[in-house]
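Asker: sequence and computational prediction follow.
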Amino acid sequence: MSEKKMTSSRRHHLKSLMLQIAQGFLEAEAAEAEEEKQRYMDENCPSLSLPGTMQDLQDLCRKLHQQIDLADEQRYDMESKVAKSNKEIDDLKLKVQDLKGKFKKPVLKKVRMSADAMLQALLGSKHKVSMDLRANLKQVKKETKEEEKESVGDWRKNIEDKAGMDGRKKMFESEA
């Protein structure tokens, strides 16, 4: 505990200084990017001067179309290079993960899916059989038991019959 802790006012002062310096760097970077853009435009896109005759205008249009085609080819080449580089980066990331031997398990969402939908997703268009599990079950008819109406008699007799172990035995035997 020999080190002294920084006070909160000192910490806030240093933080604000760092933010001011970073903001200055960002502004300088934006100005530099704008200058670079202006230089590129001056080099590759000279100012447009419209000629007066029809033939000169057509020549200018042809020239502009050629430049557009050239720019499109360059854009396409760059896009293909970027796509190829991204694919290589992904492959290398997978190789690095394989070498480490540690795999991140993705967080899976719970999906409610019927058996038919699951087979359809797994097998694609090959799945034609319906997986109705209830169709294969045996049909069982419930028999309604008509309870025998006990004759209304002396209620004390019923209580005495069911009292004790003999009575409980009779209760279970009569239900079974």
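Answerer: Arrived safely. Numbers count the residues shown, from 1 in each chain.
Asker: from Glu27, how far out is Gly52?
Answerer: 45 Å (C-beta to C-beta, to the nearest Å). Quick note: C-beta positions are derived from backbone N, CA and C, even for glycine.
Asker: more neighbours: which of these two?
Answerer: Glu27 (10 against 6; other C-beta atoms under 10 Å).
Asker: which element, helix or strand, includes that one?
Answerer: helix 8-44 (DSSP states H and E).
Asker: the longest helix in this protein is where?
Answerer: helix 54-100 (DSSP state H).
Asker: now do it and helix 8-44, the angle between them.
Answerer: 140 degrees (axes from the mean of the first three to the mean of the last three C-alpha atoms, to 10 degrees).
Asker: for helix 54-100, which helices and strands make contact with it?
Answerer: Other elements packing on helix 54-100 under the criterion 3 or more C-beta pairs under 8 Å, 6 or more residues apart in numbering; DSSP states H and E are absent; no helix or strand qualifies.
Asker: numbering from 642 from now on, please.
Answerer: Yes, from this point I'll number from 642; that puts the last item at helix 695-741.
Asker: now the element after that helix, going C-ward?
Answerer: That would be, after helix 695-741 and using DSSP H and E, helix 756-764.
Asker: identify each buried residue in that following helix, please.
Answerer: 760-761 (16 or more other C-beta atoms under 10 Å).
Asker: what bits of the chain have low per-residue confidence?
Answerer: Within the chain, the stretches with pLDDT under 70 are 642-643, 743-744, 766-777, 785-817.
Asker: what do you get if the cut-off is 50, keeping everything else the same?
Answerer: 642-643 (pLDDT under 50).
Asker: how far does the helix holding Glu668 sit from the chain's center?
Answerer: 36 Å (C-alpha atoms, centre = their mean, to the nearest Å).
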